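> With the input below, show me the fold.
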Amino acid sequence: MQFKADIHVTLKRTVNDPQGLTIKGGLVQLGFDGVGAVRAGKYIEVWLEARDEAEARSQVDAMCDQLLANPVIEEYRYQLAVSEQSPAEVPGTS
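Predicted coordinates for the structure are as follows:
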């Protein structure tokens, strides 16, 4: 089966986020005074082949633990869905 994982990687709450602080400062300078906090992160889309959802989840967890996230300072979450679109059909992946 073909799956698509939408992965969000963010710094742990206990880790200072200088990029988030810079973004917050810029937003306040632009007049968005109601902004209380900003946390920056990264978003990654991964298409993968697996027998079932459990195997796909296991693969995504391994990808995040080994490469996509630094477990010392980052945490991740993801949504997994069966994909009708193959990676070759995704713009910018060929």
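> Would you map the helices across this structure?
Listed from the start of the chain, the chain has helices (DSSP state H) covering 18-29, 53-63.
> buried sites along the longest one?
Counting neighbours by 16 or more other Cβ atoms under 10 Å, one finds that the buried residues in helix 18-29 are G20, K24. From N, CA and C alone the C-beta is placed, and that goes for glycine too.
> could you give the mean pLDDT of it?
Predicted confidence along helix 18-29 averages 97 (mean pLDDT).
> now do stretch 44-64
Confidence over stretch 44-64 (mean pLDDT, whole number) is 97.
> Over to stretch 71-89?
When pLDDT is averaged over stretch 71-89, the result is 88.
> starting at the chain centroid, how far to that stretch?
7 Å (Cα atoms, centre = their mean, to the nearest Å).
> Restricting to C-alpha, output that stretch in CSV.
Backbone C-alpha positions of stretch 71-89 (Å, rounded to 0.1, in the frame of the first residue of the first chain) are rendered in CSV as follows:
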residue,chain,number,x,y,z
PRO,A,71,15.4,13.4,19.8
VAL,A,72,17.6,15.4,22.3
ILE,A,73,15.9,18.8,21.4
GLU,A,74,13.0,18.1,19.1
GLU,A,75,9.7,16.2,19.1
TYR,A,76,7.6,15.1,16.2
ARG,A,77,4.0,14.2,15.4
TYR,A,78,2.5,13.0,12.1
GLN,A,79,-0.6,12.1,10.4
LEU,A,80,-0.6,9.1,8.1
ALA,A,81,-3.0,8.4,5.3
VAL,A,82,-3.4,6.0,2.4
SER,A,83,-2.2,7.9,-0.7
GLU,A,84,-3.7,7.6,-4.1
GLN,A,85,-0.9,9.7,-5.5
SER,A,86,2.5,8.1,-6.2
PRO,A,87,5.7,10.0,-5.5
ALA,A,88,6.3,10.3,-9.2
GLU,A,89,3.1,12.3,-9.6
